[in-house]
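**Q** what shape does this take:
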Amino acid sequence: MSINTRKALPRVVSRAEWLTSRKQLLAAEKEATKARDAVAARRRRLPMVRIEKGYRFEGPDGVVELVDLFAGHSQLYVHHFMWLDEPDTGCPSCTRAADRSFNEAHFAALRERDVAFAAVARAPWASIRAYRDERGWTFPFFSSHGSDFNYDFHVTMDETRVPIEYNYRTKTELIDAGIPAEYLHGDWPGASVFLRDGETVYHTYSAYARGLDELATPYQFLDRTIYGRQEAWEDSPHGWPQDITSGP
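**A** Numbering: from 1, shown residues only. Modelled structure (predicted):
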């Protein structure tokens, strides 16, 4: 990562002046918290869609159905694990997320609220198993290879399977937003949530791109530092260190 090493510095002020500025920022932070809570309240009021298609997944115990990924719980959080066809391996960002967060303490907190977790990639199970074992991972990890799962939930772009859509935008809208057409292929970040009523499964939520920001714990720490995430898309003062290779 090519971060600019010439770091500018914030203004140096008295404690009293700093406290005035901090309290002004605190007011804005409280408004942001209230807005976030309001969005979460709306999220809890979303309708849902019944899953009619019979998706099948392969994992350590053989072939299973979507309802089996709940492991007896009423809700299921799916991390759509991105895969690189060449060299047949997991993507670096998903790998970092798994190394940092996909642990028993994390999953225990979910299970306390009756939520199961599963990572799903479109690679064949043999490839996933080899990569999982190499990383020493023990979290639930499944292959959707051969099914429409990734394509139906728009985390894999392949026009031969389904029309391109990402983050609720069509191919035309994505290109108009500045994404080059040649980038619109392969796996993209996403997560989906499902609810089970008996053996019937419903899709309640999916998020993509920066809609997943709050799930990346290191970002939440970095957002509270003076230099932030140090990425080029951030609105930072002139001279702040920024990774010129990064994007939104």
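**Q** any idea which residue sits dead centre in the protein?
**A** Leu212 (4.1 Å; CA atoms, centre = their mean).
**Q** tell me if I am right that that one is in a strand.
**A** No. In this structure, Leu212 is helix, not part of a strand, as judged by DSSP: H, G, I helix; E, B strand; the rest coil.
**Q** look at it and report its pLDDT.
**A** pLDDT for Leu212: 91.
**Q** quick one: it and Ser192 touch, right?
**A** No. Counting by CB atoms under 8 Å, Ser192 is not a contact partner of Leu212; they are 11.1 Å apart. C-beta coordinates here come from the backbone N, C-alpha and C atoms, glycine included.
**Q** check contacts around the nearest residue to Leu215 once chain neighbours are set aside.
**A** Nearest residue to Leu215, sequence neighbours excluded (CB to CB, 6 or more residues apart in numbering): Ala191, at 7.2 Å. For Ala191, the contact set (CB atoms under 8 Å, 6 or more residues apart in numbering) comprises 77-80, 206-207, 212, 215.
**Q** what is the subsequent helix or strand relative to the helix or strand containing Lys34?
**A** Remark: Lys34 resides in helix 15-43, with elements defined by DSSP states H and E. Downstream of helix 15-43, the first helix or strand assigned by DSSP H and E is strand 49-50.
**Q** contacts made by the helix or strand that comes right after that next one with the rest, please.
**A** Counting by DSSP H and E, the element after strand 49-50 in chain order, helix or strand, is strand 56-59. Here strand 56-59 makes contact (CB under 8 Å, 6+ apart) with 63-66, 68-69, 120, 124-125, 140-147, 149.
**Q** please pick the buried ones from those residues.
**A** 66, 68-69, 120, 125, 140-145, 147, 149 (16 or more other CB atoms under 10 Å).
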